[in-house]
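Student: This is the structure alone, sequence omitted:
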């Protein structure tokens, strides 16, 4: 196993101790010296790891690993054992406090990223508001013209006139009042022809033309009276549709009037909200940066505390190994030269 494993470090003392008990003092001395060298090397690596963490190496690695992508970053940290700040990551990852600190650190990074994205959206809202103000200014002359126009009033007067005529026609059952333009023109022409024929002398030819004029006039009048009721219903329906359109126009004019009055105020309110949100984001970013630094310092402190604990354990092993090595030398001196076949 890797020498960072405490079990391996303990074995560096256990093996030569066993050799000493077997009176293999020469081999025991070699193993103790080898173990001491390895422990000192691990002690130096721990110093390097602590220094790397103190210089921000651990936080840099965590930022590069992308902590927002679920739990995959833990496996990535486990694989990256070349970095001094992560050389003892297995021991670090076994700590519940360190895991919670990592989780909080990750959440703060995600929050910082979201705040940065939202801050980048602020100029877009400014552009949108500017565009709406420009469109409002461009359409305002036409809106003012529509608000001051008398066309709608003139249309209402025309509507009232038509409604009055239709009421009179309905009361008097005047079917000719609902004749279409072609029929009215034809009736007028026939009346003119009839008046002309009446002034002419009576002759068979004139009498025949008079009879023809009366028949045509009668046919037109009969057709007009025959279509009177359908035409009356159609006229009333069209008048109702006209009333609906005029009411819609009144509502549109009212909405236009409200928009004209409320538009500038609304733009100012939106601008204030955008500015307020921008200031809030700035405050949140400042607080998040402070919390991220504090959380990073807590991570570093937890990691360094764990590594210092390993240092103390290795220091204890080194002292024990050196003391055992001295005892082995003493035992070797007290044994006959052939007592240790390993020398």
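Tutor: Thanks, I have the structure now. As the structure is a computational prediction, the values presented were derived from the model and not from experiment.
Student: what pLDDT does the closest residue to residue 174 other than its chain neighbours get?
Tutor: Leaving aside its chain neighbours, residue 174 sits nearest to residue 168 (7.3 Å; criterion: CB to CB, 6 or more residues apart in numbering). C-beta: built from backbone N, CA, C; applies to glycine. pLDDT recorded at residue 168 is 86.
Student: 7 is where my numbering starts, stick with that
Tutor: I'll keep to 7 as the first residue from here, and by that count the last item is residue 174.
Student: State the distance from residue 174 to residue 107.
Tutor: According to CB to CB, to the nearest Å, residue 174 stands 91 Å off from residue 107.
Student: what about those two, which has more around it?
Tutor: Higher neighbour count among residue 174 and residue 107: residue 107, with 19 against 11, using other CB atoms under 10 Å.
Student: so residue 32 touches residue 334, yeah?
Tutor: No - the criterion here is CB atoms under 8 Å, and residue 32 misses it with residue 334 at 9.2 Å.
Student: quick one: which of these two has more around it?
Tutor: A direct count of neighbours by other CB under 10 Å for residue 32 and residue 334 places residue 334 higher, at 22 against 15.
Student: Against which helices or strands is the helix or strand hosting the more buried one packed?
Tutor: Using DSSP states H and E, residue 334 sits within helix 234-340. Contacts defined by 3 or more CB pairs under 8 Å, 6 or more residues apart in numbering; DSSP states H and E place helix 234-340 against helix 12-27, helix 31-60, helix 63-71, helix 95-99, helix 102-154, helix 157-178.
Student: quick one, it and helix 12-27 angle?
Tutor: 20 degrees (axes from the mean of the first three to the mean of the last three CA atoms, to 10 degrees).
Student: For residue 161, which residues are in contact?
Tutor: 252, 255 (CB atoms under 8 Å, 6 or more residues apart in numbering).
Student: how long is stretch 199-215 from one end to the other?
Tutor: 9 Å (CA to CA, to the nearest Å).
Student: Need the three-state assignment for residue 10.
Tutor: coil (DSSP: H, G, I helix; E, B strand; the rest coil).
Student: How many residues are close by it?
Tutor: Neighbours of residue 10 using other CB under 10 Å come to 18.
Student: again, but for residue 135
Tutor: Residue 135 has 17 nearby residues by other CB under 10 Å.
Student: Then residue 40?
Tutor: 14.
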